[in-house]
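In: For reference, the sequence and a predicted model appear below.
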Amino acid sequence: MKSEVELLASARRYSFGGRMDASGRGPIFVRGCGSEVEDINGKQYLDFNSGQMCAWLGHNHPTIVDAVHDACKSLIHTHSSYYNDKEIELAERLGNLLPAPLQKSMFLQSGADANEAAINIARKYTGGFEIISPHTSFHGMSDTTRSLTFAGWHRGYGPPQAGMLAMLAPYCYRCPINLDPETCGIACLDASFELIDAQTTSRPAAVLTEPIFSAGGVIEPPDGWLSRLAEQCKARGMLLILDEEQTGLGKTGDTFAFQRAGVAPDIITLAKHFGGGICVSSVTTSVEIEARVVADEFIVTHSHSNDPLACAAATATLDVLERDDLAGKARQLGGYLRSRLNALAERFEIIGDIRGRGLLQGIELVRDRATKEPATTEGKAISERCLEAGLIFSIRRDGSVLRFVPPASTSEDQIDRAIDILSDALADVNG
Ligand SMILES: Cc1ncc(COP(=O)(O)O)c(C=O)c1O
């Protein structure tokens, strides 16, 4: 096998850059198991990013490995115009897992193409074309979804798609309209709809939102925000699309994050850990919406739509979700992680806020707790030190938010090790 030096030289020459880590220094991963990954030099890392959040069941989960192995022996890929058994089985399982009226599913590959399909459904169904999303949202990097990814990654890509409108996200730690979250009455929502109503040129088709803004900085809306948003959508004949690609399937401590708010969307998208590490996404809507758009010649299909191998992996994920009570695990381990982060906040002034649910947690770093000046360079330095010491997580909001998404396979002992590494890095950088 080639050495790390040789592989990095080859990567510099042949691999496209354009990734979040621009350093090109490595590490180069070669193996993974549960909550840990190993690089080419045999060094182990605690993976508190779950790969790209897609290995949240744990790397190389045996149930996924078996399902993929079985699918490889029967049928990996097939003609997407016709049904296959794995796809039908998955649609039935998902239809029974989701609350009514969410029942009809299609299976695609990435989170972005699931969100695009959901947008297309909303446009066909409502006859409108405008799509609204909060200003801290991330929905993908296709042209359509990048136009709604208001958390960043816009500069230099040309004009965004027409009809994409931003609304204010309820980022209570840094209220965009400078109100006190205790008494504001969620005024940012009303202000947003005043602007939307002033700007609209047709009936807006949908609001597309995450229930918790993950890439935008692990921002959790206050109680009542999602239900008020659903009412505003209904009043305008718009659909509510929930992007649960990060938050769905147990991670936040509920099977779906929207259940906590007591609101069911018109369309839901899933991706990320849906395939247990295999690339698959879904769009699910009601019988009524599906029937209407299909009658109007709605088609979204890609080369790998409804592939049996990907669908078998997703069904195996649902098996693990139910059999191992992943939502319960996320609550229990997430509570433990949160208590350890809270203890760090007592020692380190730089920790300004701790947020998140279940096994999606984040800390926001500030130079001064009163002014809340974002500690961006400090966050980047902390993340680099942690990586060197064998702990992976991601940074958001230009480095000021550290986001932790440990796999459901993580033990309390592994959380303790991660906290020790983080604590040393905080001490190094922050004194
Ligand atoms: C909430 C959310 N939606 C959509 C996407 C895009 O998914 P993909 O990268 O699979 O296109 C992401 C990716 O991070 C995401 O976090």
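Out: Looks like it came in fine.
In: Please list all residues in contact with the nearest residue to Ile351 once chain neighbours are set aside.
Out: Nearest residue to Ile351, sequence neighbours excluded (CB to CB, 6 or more residues apart in numbering): Ala345, at 4.1 Å. Where you see a C-beta, it was placed from the backbone N, CA and C, and this is true even at glycine. Neighbouring residues of Ala345 by CB atoms under 8 Å, 6 or more residues apart in numbering: 351, 354, 363.
In: Neighbour-wise, which one of these leads?
Out: Among the contacts of Ala345, Ile363 has the most neighbours (other CB atoms under 10 Å), with 27 neighbours.
In: State the paired neighbours of the helix or strand harbouring that residue in the sheet, together with their directions.
Out: Assigned by DSSP states H and E, Ile363 belongs to strand 360-365. Take DSSP bridges as the rule and strand 360-365 pairs in its sheet with strand 351-357 (antiparallel), strand 401-404 (antiparallel).
In: Could you tell me whether the residue nearest to Ile351 really is in a helix?
Out: Yes - under DSSP: H, G, I helix; E, B strand; the rest coil, Ala345 sits within a helix.
In: For the ligand, what is the nearest residue in this structure?
Out: Gly111 (2.3 Å; CB to the nearest ligand atom).
In: Number of residues surrounding that residue?
Out: 26.
In: do stretch 54-67 and the ligand meet at all?
Out: No - Stretch 54-67 does not reach the ligand (CB under 6 Å from any ligand atom); its nearest approach is 8.0 Å.
In: quick one: buried residues of that stretch?
Out: Of the residues in stretch 54-67, 54-59, 61, 63-64, 67 count as buried by neighbour count, 16 or more other CB atoms under 10 Å.
In: so can I have JSON lines of those residues showing secondary structure and pLDDT?
Out: Below are the buried residues of stretch 54-67 laid out as JSON lines (DSSP: H, G, I helix; E, B strand; the rest coil; pLDDT from 0 to 100):
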{"residue": "Cys54", "secondary structure": "coil", "pLDDT": "98"}
{"residue": "Ala55", "secondary structure": "coil", "pLDDT": "98"}
{"residue": "Trp56", "secondary structure": "coil", "pLDDT": "98"}
{"residue": "Leu57", "secondary structure": "coil", "pLDDT": "98"}
{"residue": "Gly58", "secondary structure": "coil", "pLDDT": "98"}
{"residue": "His59", "secondary structure": "strand", "pLDDT": "98"}
{"residue": "His61", "secondary structure": "coil", "pLDDT": "98"}
{"residue": "Thr63", "secondary structure": "helix", "pLDDT": "98"}
{"residue": "Ile64", "secondary structure": "helix", "pLDDT": "98"}
{"residue": "Ala67", "secondary structure": "helix", "pLDDT": "98"}
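In: Which positions in the stretch 251-400 of the chain make contact with the ligand?
Out: Residues of the stretch 251-400 of the chain lying near the ligand (CB under 6 Å from any ligand atom): Ala271.
In: what does the stretch 101-250 of the chain give?
Out: So the stretch 101-250 of the chain meets the ligand at 110-112, 115, 138-140, 210, 214-215, 243, 245-246 (CB under 6 Å from any ligand atom).
In: Reformat the contacts of Ala345 as JSON lines; add pLDDT.
Out: Listed next are those as JSON lines, based on pLDDT from 0 to 100:
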{"residue": "Ile351", "pLDDT": "98"}
{"residue": "Ile354", "pLDDT": "98"}
{"residue": "Ile363", "pLDDT": "98"}
